[in-house]
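Student: requesting a structural model of the entry that follows:
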Amino acid sequence: MPDTSLAAIVRAAAQRLADAGVPDPLVDAELLAGHALDLRRGEVQAAIIRGDGVDDDAVEALDALVARRATREPLQHITGTAPFRHLELAVGPGVFVPRPETETVVQYAIDALLNAADPAPIGIDLGTGSGAIALAMATEVPHARIFAAELSEDAHAWASRNVAGVENLTLVLSDLGQAFLELDGTASVVISNPPYVPDAAIPRDPEVRLFDPALALYGGEDGLDIVRVLSSRARDLLRPGGLLVIEHGELQGEAIREILTADGWRAPATHRDLTLRDRATTALRP
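Tutor: The predicted structure follows:
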């Protein structure tokens, strides 16, 4: 008689995901089980410890989810959600899935807004994707006024869903170079996680290569085409002393500092993430 305990089902799912090359297969197996059973991961772990069983419908549902993940479809596309700081974002095909490393990058913008003398400081997120950065700023600095622009209609649709009802956040569908002309000279912070992968550098991970939208990944021959646009546009948007924050690849800090220095920015500095890789560069508008 087959073992229909949740422990056995999750163990088999994790092995199947491991065989498919999925990183952290046990974590994903527990999260998929939670999605199938409408339980949080901690509740799944508790049920495993208790020795709970699962019915045939739940086994079948989990099997279908694991089959999708084994093709390397992103976990977040399967569950329809992605965590970001204190947020739970709706994501799916057509939008870049927010990454944990961006959670540390947005802190620079949040700190600048919190320290701004303006009673209602303005923060601008250029290329907002799912809306993760803009939402973090808007919800963690509720007295700020946040503006977000996205070029992709598909991503804009996901962002619209995520920011619905957030009164201090304005979202527009716009080219980054033309976004928020009416705000020139007023922003305390401009932040962006732009496409920065060089065109010839195809990502290794199938989740990125096959499922993340190319518009959110590739940034020209050296990956810095959009960074150059940001340097110019952010100078117009920011007030004197305002902060620019750009997320980037771990080998791009020096090149970005050179671009910003040539454009007249003050104090360009590159910062590491929690894995000690260069992850963001900041600079001050003169």
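Student: can you tell me the element the residue most central in space within the chain falls in?
Tutor: The residue lying closest to the centre of the chain (C-alpha atoms, centre = their mean) is Pro98, at 1.9 Å. Using DSSP states H and E, Pro98 maps to neither a helix nor a strand.
Student: and for the one 5 residues further on?
Tutor: In this assignment (DSSP H and E), Glu103 forms part of helix 100-115.
Student: which strands and helices sit next to that helix?
Tutor: In terms of contacts (3 or more C-beta pairs under 8 Å, 6 or more residues apart in numbering; DSSP states H and E), helix 100-115 is packed against strand 122-126, helix 132-140, strand 187-192, strand 238-247, strand 278-284. All C-beta spots, glycine's among them, are computed from the backbone N, C-alpha and C.
Student: now do the last one: distance to the chain's middle.
Tutor: Its chain's average C-alpha position is 17 Å from that of strand 278-284, according to C-alpha atoms, centre = their mean, to the nearest Å.
Student: can you give me the helices in the stretch 1-150 of the chain?
Tutor: With DSSP state H, counting those that start in this stretch, the ranges of helices along the stretch 1-150 of the chain come out as 6-19, 25-37, 41-50, 56-70, 75-79, 100-115, 132-140.
Student: can you pull out the low-pLDDT segments for the stretch 151-286 of the chain?
Tutor: For the stretch 151-286 of the chain, not a single residue meets the criterion pLDDT under 70.
Student: for Pro268, which of the helices of the stretch 1-150 of the chain is the nearest?
Tutor: helix 100-115 (13.0 Å; C-beta to C-beta).
Student: still on that earlier bit, pull out the buried positions in the helix holding Glu103.
Tutor: Neighbour-count burial for helix 100-115, counted by 16 or more other C-beta atoms under 10 Å, picks out 101-110, 112-113.
Student: grab the nearest non-local neighbour of Leu217.
Tutor: What sits nearest to Leu217 in space, not counting adjacent residues and going by C-beta to C-beta, 6 or more residues apart in numbering, is Val197, at 4.7 Å.
Student: let me see the contact set for the one you found.
Tutor: 203, 217-219, 223, 249 (C-beta atoms under 8 Å, 6 or more residues apart in numbering).
Student: swap in 10 Å and give it another go.
Tutor: For Val197, the contact set (C-beta atoms under 10 Å, 6 or more residues apart in numbering) comprises 203, 208, 212, 214, 216-220, 223, 249.
Student: could I get the residues you listed as CSV with secondary structure?
Tutor: Shown next, in CSV, are the contacts of Val197 (DSSP: H, G, I helix; E, B strand; the rest coil):
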residue, secondary structure
Pro203, coil
Val208, helix
Asp212, coil
Ala214, helix
Ala216, helix
Leu217, helix
Tyr218, strand
Gly219, coil
Gly220, coil
Gly223, coil
Gly249, coil
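Student: select only the buried ones of those residues in ChimeraX?
Tutor: To isolate the buried members of the contacts of Val197 in ChimeraX, using 16+ other C-beta under 10 Å:
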select :208,212,216,217,218,219,223,249
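Student: adding distance to Glu150, write the contacts of Val197 out as TSV.
Tutor: As requested, those are arranged in TSV below (distance: C-beta to C-beta, whole Å):
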residue	distance to Glu150
Pro203	21
Val208	19
Asp212	15
Ala214	15
Ala216	10
Leu217	15
Tyr218	16
Gly219	16
Gly220	19
Gly223	20
Gly249	21
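Student: ok, so of the contacts of Val197, who is nearest Val22?
Tutor: Closest to Val22, out of all of the contacts of Val197 and judged by C-beta to C-beta, is Val208, at 13.5 Å.
Student: look up how far Leu169 lies from the closest one.
Tutor: 27 Å (C-beta to C-beta, to the nearest Å).
Student: next: Ala267.
Tutor: Ala267 is 28 Å from Leu169, by C-beta to C-beta.
Student: tell me which of those two has more neighbours.
Tutor: Taking neighbours as other C-beta atoms under 10 Å, Ala267 and Leu169 compare with Leu169 leading, 24 against 12.
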